[in-house]
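> Here is my input; please provide its structure:
(one chain, ligands or ions: 1)
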Amino acid sequence: MKTISKQGIGMTSDRTRGRLVERLVDQGIDNDSVLNAIEWVPRHIFVEQSIAHLAYEDRALPIGKRQTISQPYVVALMTAAAIDVENITKILEIGTGCGYQTAVLARLVENVYSMERIESLSLGARRRMRQLKLDNVRICVGDGFEGWEEHAPYDAIVVTAAAVHVSVALQNQVRVGGRIVVPLGRSSVQDLVCMERLESGWSTTSLGSVTFVPMLPGVDA
Ligand code: SAH
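Model (predicted):
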């Protein structure tokens with residue numbers, strides 16, 4: 001595990017973070033490495049200073065450009081499902097946003113790739129990865145419907161925006177035995193599904209209802 005100095009990034013008290021983790025455990029999150037990663041990531045540096053005091057509440061918060069930072073419970077749920085793949089070393093995230101989930105993944109998986117369609121958000125996330133010395137993350141501006149072919153195949157893909165369908169391009173970038181975790185649906189509440197790639201086709205399980213901003217085509221540079 002990486003170590004990082006607690007100076008310079010204005011860490012809030014360990015107790016506040018400990019309480020967030022306790023709440024996640026109460027809600028059924030039982031993967032210790034995921035809980036440790038969430039405890040490590042200073043969520044307050046991913047939001048505006050004016051709402052930093054809300055950072056360790058288990059809720060989504062605005063990050064500008066009409067986008068949100070995901071609720072920690074949902075980040076934990078998606079992360080636990082996505083990394084539950086044998087020999088996972090490479091993961092792709094669609095929808096970097098402020099980079100919070102990216103940072104959680106970076107504590108757990110050797111190589112993390114993340115795509116964001118809004119350039120200003122992508123730049124902010126990149127800055128935070130540097131600040132946290134998470135040098136195993138590569139971030140690009142691009143359309144997640146196309147995936148990031150250059151580094152495929154991935155062991156898992158996490159889509160953190162609501163999609164009506166999973167593009168064939170993305171499906172083809174996951175190896176057999178790998179997973180795609182994605183909120184699927186058209187309305188304001190979506191079904192979080194975990195798709196596992198089999199030798200022939202996919203098996204799908206539902207992880208419950210979630211609310212994400214929609215996945216949109218193209219880039220917004
Ligand atoms: N992973 C973030 C969640 C960000 S919200 C977190 O940890 O908090 C979802 C993000 O997906 C938004 O920033 C949005 O701009 C982005 N997004 C939407 N459609 C996309 C697409 N087609 N490709 C890449 N990113 C997309």
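> wouldn't P62 be in contact with S50 here?
No - the pair P62 / S50 is not scored as a contact, 10.4 Å apart, by C-beta atoms under 8 Å. All C-beta spots, glycine's among them, are computed from the backbone N, C-alpha and C.
> okay, the two: which has more neighbours?
Using other C-beta atoms under 10 Å, the more surrounded residue of P62 and S50 is P62, with 12 against 7.
> Can you give the contact residues for the least confident helix or strand in the chain by mean pLDDT?
The helix or strand of the chain with the poorest confidence is helix 14-26; it has a mean of 92 (mean pLDDT, DSSP states H and E). Taking contacts as C-beta atoms under 8 Å, 6 or more residues apart in numbering, the residues outside helix 14-26 that touch it are L35, I38, E39, R43, Y56, E57, D58, P72, Y73, A76.
> Is the fifth one located within a helix, as I assumed?
So that's Y56. No - the assignment for Y56 (DSSP: H, G, I helix; E, B strand; the rest coil) gives coil, which keeps it out of a helix.
> check which helix or strand covers R138.
Using DSSP states H and E, R138 sits in strand 137-141.
> Next, show the common contact partners of P62 and S50.
Taking C-beta under 8 Å, 6+ apart as the contact rule, P62 and S50 touch no residue in common.
> I'd like to know which residues of the protein are adjacent to the ligand.
Residues of the chain lying near the ligand by C-beta under 6 Å from any ligand atom: 67-70, 75, 94-95, 97-98, 100-101, 115-118, 121, 143-145, 160-161, 213, 215-217.
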